[in-house]
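In: Have a look at this prediction, sequence included:
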Amino acid sequence: MATIDLNADLGETVDGVPTADDEAMFAVISSASVACGGHAGDAASMRASVARAARFGVAVGAHPSYPDRANFGRVAVAMGPADLAAAVAGQLDDLVAAGADLRYVKPHGALYHAVSADRVQADAVARAIADLAERLGRPLPVLGLPGAIGEAAASAGLPFVHEAFLDRGYLPDGSLVPRTQPGALLDDPDLVAARAVRLAREGVVEAVDGSLVRADAASLCVHGDSPAAVDMARAVRAALDAARVEVRAPW
């Protein structure tokens, strides 16, 4: 039986207000990338996410970002590598302090895209993750798109796991359509569910121009703060179950 991970970015409270229906999302996913204070989230939301993960049997990952709550971490911030590593390390430590049995790390937003292209920033993030992995005494995989972060993870002795996005448009080169452009966001549950099955079975995703992009992903993401997130996640889980694809965390 084929297997795939289904992850969502959760715990993204802003001023104490959730941006997603975390209770509904935790019920259908296998991994949760939990905001740890950089772009959203606080100590209370982290503890709540850890508790939900335990209740639903979901793996907890850290979702660190540039320290930029004003822009929800979606704007690049000019930071030197030492400052970036320290910012990421602090966020990881905060999630561990909230009781998380941390299984992986997935950068958020602008940082996610920066570390895919910029080796200096990727090395800084990988260094922070590797330091925590050493303290935990076990590997701590990095989840992301192929690129500089995969190389940095390998150099730091970290496993790297490829991810694909179910609710984001793809360009023919395998990168994501910028959020400011048409086709960036998908919200049709049936379309997203069919995309999930194809990714799990064939390892390909259709780009905005109709071409097929290779995406040998071990984890599929539905953004928790999308307006149709719950409907999409439920449709994806049902479609994967019907296609006899086991939804299971790989960590």
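Out: Arrived safely, thanks for sending. Remember, it's a predicted structure, so these values are computed and weren't measured experimentally.
In: hey, which strand is longest across this protein?
Out: strand 2-10 (DSSP state E).
In: For it, buried residues please.
Out: The neighbour-count check on strand 2-10 (16 or more other C-beta atoms under 10 Å) flags 4, 5, 6, 7, 8, 9, 10 as buried. Yep, even glycine has a C-beta here, placed from its N, CA and C like the rest.
In: Excluding covalently adjacent residues, which one is nearest to the first one?
Out: Going back to what we said before, that points to residue 4. Once flanking residues are discounted, residue 4 sits nearest to residue 200: 4.4 Å by C-beta to C-beta, 6 or more residues apart in numbering.
In: which residues in the stretch 151-251 of the chain form strands?
Out: 160-165, 204-206, 212-214, 219-221, 245-247 (DSSP state E, counting those that start in this stretch).
In: Looking at the ones you listed, which is nearest to residue 50?
Out: Closest to residue 50 of these is strand 219-221 (C-beta to C-beta; 19.7 Å).
In: Would you list the strands that the closest one pairs with, along with their directions?
Out: Paired with strand 219-221 in the same sheet, following DSSP bridges, are strand 2-10 (parallel), strand 160-165 (parallel).
In: Let me have the strands of the stretch 151-251 of the chain in JSON lines, extended by mean pLDDT and distance to residue 54.
Out: Shown next, in JSON lines, are the strands of the stretch 151-251 of the chain (pLDDT from 0 to 100; distance: least, C-beta to C-beta, whole Å):
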{"stretch": "strand 160-165", "mean pLDDT": "98", "distance to residue 54": "22"}
{"stretch": "strand 204-206", "mean pLDDT": "97", "distance to residue 54": "32"}
{"stretch": "strand 212-214", "mean pLDDT": "96", "distance to residue 54": "36"}
{"stretch": "strand 219-221", "mean pLDDT": "98", "distance to residue 54": "20"}
{"stretch": "strand 245-247", "mean pLDDT": "98", "distance to residue 54": "18"}
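In: thinking residue 22 is in contact with residue 225, fair?
Out: No. Using C-beta atoms under 8 Å, residue 22 is not in contact with residue 225; the gap is 10.3 Å.
In: which one of those two has more residues nearby?
Out: Each of residue 22 and residue 225 has its neighbours counted (other C-beta atoms under 10 Å); residue 22 has more, 22 against 17.
In: I'd like to know how many residues surround the closest residue to residue 98 other than its chain neighbours.
Out: Counting by C-beta to C-beta, 6+ apart, residue 98 lies nearest to residue 46, which is 3.7 Å off, once chain neighbours are set aside. Counted with other C-beta under 10 Å, residues neighbouring residue 46 total 26.
In: Spell out which helix or strand contains residue 46, please.
Out: helix 43-56 (DSSP states H and E).
In: Tell me what angle the next helix or strand after that helix forms with strand 160-165.
Out: Counting by DSSP H and E, the element after helix 43-56 in chain order, helix or strand, is strand 59-63. Orientation check (axes from the mean of the first three to the mean of the last three C-alpha atoms, to 10 degrees): strand 59-63 against strand 160-165 gives 80 degrees.
In: What is strand 59-63 packed up against?
Out: strand 31-35, helix 43-56, helix 81-97, strand 102-105 (3 or more C-beta pairs under 8 Å, 6 or more residues apart in numbering; DSSP states H and E).
In: Quick one: the ones you listed as CSV, columns for mean pLDDT and distance to residue 67 too.
Out: Output for those, formatted as CSV (pLDDT from 0 to 100; distance: least, C-beta to C-beta, whole Å):
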stretch, mean pLDDT, distance to residue 67
strand 31-35, 98, 12
helix 43-56, 98, 16
helix 81-97, 98, 5
strand 102-105, 98, 16
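In: Good, we can wrap up now.
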